[in-house]
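Engineer: Here's my sequence, what's the structure:
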Amino acid sequence: MIILAKKFSLQPILSYKQKLEELTQIELSQLKEALIIEKEVLNSLENSHRENSAKLRSYQGHTELDLDSIRQIIMFIENLQSKIILQKNVVADAEEKVEAKRKQLLKIMQDRKALEKLKEKFEEEAEEAIRQEELRSNDEIGTNLHLRIKTNHANIAEESAD
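Structural biologist: Just a heads-up that it's a prediction; the model follows:
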């Protein structure tokens, strides 16, 4: 009799890990996109700071100074410097989130791979058990067939002797 293969008992966990891995990859992708946007904002602020600093230097080089314009540019540059500092913090936070999500994804992938190896081993053992059961069954059939043939020969021999 061939036994039916048992179901891999950790399959629900493996399926969960696969779905979790997919979701985490999506989240990581979204975090990377957000990081790119935050870096672009920072670059824009830094470019504006450079442009306005150059503008200030050009005003300061003129013999006629427009103090109100210079004062406005200086205040704008100081405001930009504050925004740049804040944006650098935002970028650093976004980079930390990306790194944390990447590490989380790596851990999930390692767990999934370990479960897949366990599943492969389970399937190999199940296949081997089925092969062994088939061999035993075939041996049993062969033995029974041999006994029947031997019994039939003995019966025929007894009938011939009579």
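Engineer: can you tell me which residues contact the residue nearest in space to the middle of the chain?
Structural biologist: What sits nearest the mean C-alpha location of the chain, by CA atoms, centre = their mean, is residue 21, with 4.0 Å. Residues near residue 21 by CB atoms under 8 Å, 6 or more residues apart in numbering: 105, 108-109, 112. C-beta: built from backbone N, CA, C; applies to glycine.
Engineer: Now that you've got the residues you listed, can you turn the buried subset into something I can paste into PyMOL?
Structural biologist: Selection of buried members from these for PyMOL, criterion 16 or more other CB atoms under 10 Å:
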select buried, resi 105+108+112
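Engineer: any chance of the contacts of residue 21 in CSV, with distance to residue 159 too?
Structural biologist: Converted to CSV, the contacts of residue 21 look like this (distance: CB to CB, whole Å):
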residue, distance to residue 159
105, 79
108, 75
109, 74
112, 69
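Engineer: Which two among the contacts of residue 21 are spaced furthest apart?
Structural biologist: Comparing every pair within these by CB to CB identifies 105 and 112 as the most remote, at 10.4 Å.
Engineer: circling back: spatially, what comes nearest to the residue nearest to the centre of the chain if we skip its sequence neighbours?
Structural biologist: The spatial neighbour of residue 21 that comes closest, neighbours along the chain excluded (CB to CB, 6 or more residues apart in numbering), is residue 108 at 4.9 Å.
Engineer: What are the neighbouring residues in contact with that neighbour?
Structural biologist: By CB under 8 Å, 6+ apart, the neighbours of residue 108 are 17, 20-21, 24.
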